[in-house]
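> Please work out how this folds:
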Amino acid sequence: MAISRAFHIPGILFLFVSFVLLFLVSIGLPFLTALDFVRVHFKNGLPTVGSDTTAINQIRLGTWAACWYETDGDRGCSAAHNAYATTIYDAQRQGFVHIAPSWTRGLAIHPVATAVTLVALVLSFSTHVTARLLASLAAFLAAFLTLVAFLCDIALYAWVKHQVGKLSNVGSNTDTAPGFWITFVCFLLLTFAGCTVCFGRRRDRLDGATTYSYSWRDRFRIGRKSAV
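All right, here's what the predicted structure looks like:
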């Protein structure tokens, strides 16, 4: 039982940390300004966004919206919804690049992975063998969904970097943001969680089989002594 607990408790901790982190990332922009996936810093030839003609020095893309920071310190965000779009114009507003909804639609997988992680976390508290098996399967499913979400983050980063690079006379750096790396960490944690919960369940079954075997032998020996 002690060996089983040594596997089971870390699994619960991995699931709990993953749930908290994924939950925060799922809220993301425009509500949590630090948890975006892609961040572009503009160095010169400052562009504008949408119908706003004020120059910006930074734009961030999160789960539900894109937010930009103007040179005067103000912040603006697009309407919060899934599959949002963003248009960035060069300084002269003669050229532009468009981040279509198809590139941000996949970000909604983050909340789905969060919900599955919560299910795995709740099941992991059970001492029933079947519930632990379901917790392990749910953890692996959450890990798979988180991996898909991370691949969507990579695709968004690559596309934004490519598009921003097409703006004329605009110097910029496109970087991965905290939400990007948190998603990757959660994928690893969920994979570890699925393994530890599964190993803990297997250890419980082995311990149960061993106990049953000894009890059967004891009863057999007692029966032989009674017969004699």
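
> Any idea which residue is closest to the centre of the chain?
The centre of the chain sits closest to Thr183, judged by Cα atoms, centre = their mean, with a distance of 3.5 Å.

> Just confirm that one is within a helix.
Yes. Counting by DSSP: H, G, I helix; E, B strand; the rest coil, Thr183 is found in a helix.

> In this structure it contacts Ala143, no?
No. With contact defined as Cβ atoms under 8 Å, Thr183 does not count as touching Ala143 (11.3 Å). (Each C-beta comes from the backbone N, C-alpha and C, glycine too.)

> tell me which element the nearest residue to Gln58 once chain neighbours are set aside falls in.
Nearest residue to Gln58, sequence neighbours excluded (Cβ to Cβ, 6 or more residues apart in numbering): Tyr69, at 4.3 Å. Using DSSP states H and E, Tyr69 falls within strand 66-70.

> That strand packs against which elements?
strand 56-61, strand 75-77 (3 or more Cβ pairs under 8 Å, 6 or more residues apart in numbering; DSSP states H and E).

> all strands of this structure, in order?
38-44, 48-49, 56-61, 66-70, 75-77, 86-89, 96-99, 171-176 (DSSP state E).

> Between those strands, which one is closest to Leu133.
Distance to Leu133, taken as Cβ to Cβ, is lowest for strand 171-176 among the strands of the chain, at 35.8 Å.

> and the angle for that closest one with strand 38-44?
160 degrees (axes from the mean of the first three to the mean of the last three Cα atoms, to 10 degrees).

> Name the residues of strand 171-176 that are buried.
Ser172, Thr174, Thr176 (16 or more other Cβ atoms under 10 Å).

> Could you export the residues you listed as CSV, including pLDDT?
CSV is the format used below for the buried residues of strand 171-176 (pLDDT from 0 to 100):
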residue, pLDDT
Ser172, 92
Thr174, 95
Thr176, 96
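
> Mind putting those into a markdown table with distance to Phe16?
Formatted as a markdown table, the buried residues of strand 171-176 follow (distance: Cβ to Cβ, whole Å):
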| residue | distance to Phe16 |
| --- | --- |
| Ser172 | 38 |
| Thr174 | 33 |
| Thr176 | 25 |
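
> list the contacts for Ala143?
Phe187, Leu190, Thr191, Ala193, Gly194 (Cβ atoms under 8 Å, 6 or more residues apart in numbering).

> distance of Leu107 from Ala34?
16 Å (Cβ to Cβ, to the nearest Å).

> So for these two, which residue has more residues nearby?
Leu107 (26 against 12; other Cβ atoms under 10 Å).

> What is the burial count for the nearest residue to that one once chain neighbours are set aside?
Distance criterion Cβ to Cβ, 6+ apart; nearest residue to Leu107, sequence neighbours excluded, is Thr63 at 5.0 Å. By the criterion of other Cβ under 10 Å, Thr63 has 26 neighbours.
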